[in-house]
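> return atomic coordinates for the entry below.
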Amino acid sequence: MNEVLNQIANLGFPIVLSIYLLIRIEGKLEGLTVSIHQLAKSIETMTITRNR
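Predicted coordinates for the structure are as follows:
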């Protein structure tokens, strides 16, 4: 029983830390996705304007 509790204690912290980091990174990835879409639209607009 003591060994099981030690395993939970040892594995619990990395699991919690991983979840925390995934949640933080998710917001930043969404921001990057929006920025990439805006950049693609800007490049497309510049290309269309340039070809006229």
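> list the buried residues in stretch 24-38.
Of all the residues in stretch 24-38, not one is buried under the rule 16 or more other Cβ atoms under 10 Å. All C-beta spots, glycine's among them, are computed from the backbone N, C-alpha and C.
> pLDDT of it, averaged?
Per-region confidence: stretch 24-38 scores 95 on mean pLDDT.
> also stretch 12-20?
86.
> and what of stretch 44-52?
86.
> what residues sit buried inside it?
In stretch 44-52, counting by 16+ other Cβ under 10 Å, buried: nothing.
> quick one: the strands in this protein, in order.
Counting by DSSP state E, one finds no strands in the chain.
> could you report the distance from T47 to A40?
For T47, the distance to A40 equals 11 Å [Cβ to Cβ, to the nearest Å].
> cool, and L5?
52 Å.
> how about I19?
According to Cβ to Cβ, I19 stands 32 Å off from A40.
> one more: L32?
13 Å.
> so where do the helices sit in the chain?
2-51 (DSSP state H).
> most distant residue from the middle of it?
R52 (38.6 Å; Cα atoms, centre = their mean).
> dump the residue contacts of that one.
By Cβ atoms under 8 Å, 6 or more residues apart in numbering, the contact set of R52 is empty.
> could you check how far it is from G12?
Taking Cβ to Cβ, one finds R52 at 61 Å from G12.
> likewise L39?
Distance, L39 to G12, by Cβ to Cβ: 41 Å.
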